[in-house]
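Novice: prediction below, plus the sequence it came from.
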Amino acid sequence: MNIISYLTYAGGFDIGMQDAGLPVTYHLHDGYAQKTWERNWPANIRTNHWKDRVNIPNVDLLFANPPCACWSVNGKQLGLDDPRAADTLRLFDLAKEYKPKILITESVVPAMKFFEEEFAEKFHWVGYSTKIVLVNAKWHGMIQDRKRMFFIASKVGIDIPAPNWAPPRTCREALGAFPIFGDDKPATRPLERRAFDGQMDQILPGESLAKAWARLVGGPNEEEWERNSRGHVTGRPPFCSYRLHPDKSSRAFTGYYAYVHPLEHRWLTLREIKDCVCEFPEDYMFHEQHIGEMMKEMSRGVMPPVARWLGGHIKQALDMSIACDVDHEVIDYRIAP
């Protein structure tokens, strides 16, 4: 099979597809996270998607996770007015150029309106049927409550049955017995350490560090909090940083944010985030760089267990190669029946 990955960055999507029997033969990138990708797939063909593409005949699968910030609730939600949307729009040009039997791209759920109302029609024009599959990583053995959307354009029939709806793993189950070594790096930054080191036992289960800061450091009168020239509260951690609840799933991991261990009064380590929260393989190597950049690389992509589940159904569809029987459908697997 000839399989192309496009803007999959640190490679979570690639890991899952490879585990499902769909190893990448050709990788289109824009430079971001390429040192990590190259450490783990040194023999694969890689090229900058702006410049040096080569002809690849008989492409079976093209999969991608271009930047989703233009639709994300954590961003400005500029949609197509965001320059980064060009990476998603380019998927249609790649489909016309390489003519894959199946094309898949992942994004955040708010992008669904664009994919369903605008993008799907373009693919119908050139002979593809389309699906939108909404998923939640917690139904695939992960501790993350991470909801995402997959857009699939296909020239073969694809059956994507529901996950088995097994009870989600808790943070206690994933992290309670995970071994810690002396060289493991705390996945935090000086801002959080200055605010909380010495009083981490007072951060409540599931509490955001911003709320804990207000309760333990800032005091009840917001008017007295020190602010910088932009009006931001000085020293307060971001709201996305929080203490994991031992008996619940974690929130979606979205980048350089500090997590407090659910059972112990300490910061999660980088290895705990990589192996337990994001579930990259133990031997998967990230390029040595600033810890924040490593965390961003982990978060900007498809989590390997979700990719593995989807890849298994894609592999079956490619092996069977039967005709499509629907033009478009939406399948929602975010919430158990």
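Specialist: Now that the structure is in, tell me what you want to look at.
Novice: number of residues surrounding Asp247?
Specialist: Neighbouring residues of Asp247 were enumerated by other Cβ atoms under 10 Å; the total is 12. Using the backbone N, CA and C atoms, a C-beta is placed for each residue, glycine as well.
Novice: from what I can see it touches Arg172, true?
Specialist: Yes. With contacts counted by Cβ atoms under 8 Å, Asp247 reaches Arg172, the gap being 6.1 Å.
Novice: mind listing the helices for the stretch 51-200 of the chain?
Specialist: Counting by DSSP state H, counting those that start in this stretch, the stretch 51-200 of the chain forms helices over residues 85-98, 112-114, 120-125, 171-175, 190-196, given from the N-terminal end onward.
Novice: could I get the buried residue list for the longest one?
Specialist: In other words, helix 85-98. In terms of neighbour count (16 or more other Cβ atoms under 10 Å), helix 85-98 has its buried residues at 85, 87-88, 90-92, 94-95, 98.
Novice: format the residues you listed as JSON lines; extra columns: distance to Tyr32.
Specialist: Conversion of the buried residues of helix 85-98 to JSON lines gives the following (distance: Cβ to Cβ, whole Å):
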{"residue": "Ala85", "distance to Tyr32": "16"}
{"residue": "Asp87", "distance to Tyr32": "11"}
{"residue": "Thr88", "distance to Tyr32": "15"}
{"residue": "Arg90", "distance to Tyr32": "15"}
{"residue": "Leu91", "distance to Tyr32": "17"}
{"residue": "Phe92", "distance to Tyr32": "21"}
{"residue": "Leu94", "distance to Tyr32": "18"}
{"residue": "Ala95", "distance to Tyr32": "22"}
{"residue": "Tyr98", "distance to Tyr32": "22"}
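Novice: Lys211: which of the residues you listed is nearest?
Specialist: Checking the buried residues of helix 85-98 against Lys211 with Cβ to Cβ, the nearest one is Ala85 at 33.6 Å.
Novice: circling back: where does confidence bottom out across the buried residues of helix 85-98?
Specialist: Among the buried residues of helix 85-98, Ala85 carries the weakest pLDDT, at 87.
Novice: for it, which non-adjacent residue is spatially closest?
Specialist: Here the nearest residue to Ala85 in space, its sequence neighbours aside, is Cys70; by Cβ to Cβ, 6 or more residues apart in numbering that works out to 4.6 Å.
Novice: any idea how far that neighbour lies from Ala86?
Specialist: Distance, Cys70 to Ala86, using Cβ to Cβ, to the nearest Å: 9 Å.
Novice: show me what contacts the residue lying farthest from the centre of the chain?
Specialist: The C-alpha centroid of the chain is most remote from Glu224, which lies 38.2 Å away (Cα atoms, centre = their mean). Residues in contact with Glu224 (Cβ atoms under 8 Å, 6 or more residues apart in numbering): none are found.
Novice: thought Ile331 was touching Leu134?
Specialist: Yes. Ile331 lies in contact with Leu134 (Cβ under 8 Å); the separation is 6.9 Å.
Novice: so which helix or strand takes in Ala317?
Specialist: Mapping Ala317 onto the secondary structure by DSSP states H and E places it in helix 304-320.
Novice: sorry, back to before: wait, which of the helices of the stretch 51-200 of the chain is closest to His261?
Specialist: Between His261 and the helices of the stretch 51-200 of the chain, the shortest gap by Cβ to Cβ is with helix 171-175, which sits at 6.6 Å.
Novice: buried set for that closest one?
Specialist: For helix 171-175, the neighbour count (16+ other Cβ under 10 Å) marks 171-172, 174-175 as buried.
Novice: could you list the low-confidence segments of the stretch 201-337 of the chain?
Specialist: With pLDDT under 70 as the threshold, the stretch 201-337 of the chain has no low-confidence stretch at all.
Novice: helices of that one, residue ranges please.
Specialist: When assigned using DSSP H, counting those that start in this stretch, the helices of the stretch 201-337 of the chain occupy the ranges 209-213, 270-272, 291-299, 304-320.
Novice: now the angle from the helix or strand harbouring Ile4 to helix 85-98?
Specialist: According to DSSP H and E, Ile4 maps onto strand 2-6. Between strand 2-6 and helix 85-98, the angle formed by their directions is 160 degrees, by axes from the mean of the first three to the mean of the last three Cα atoms, to 10 degrees.
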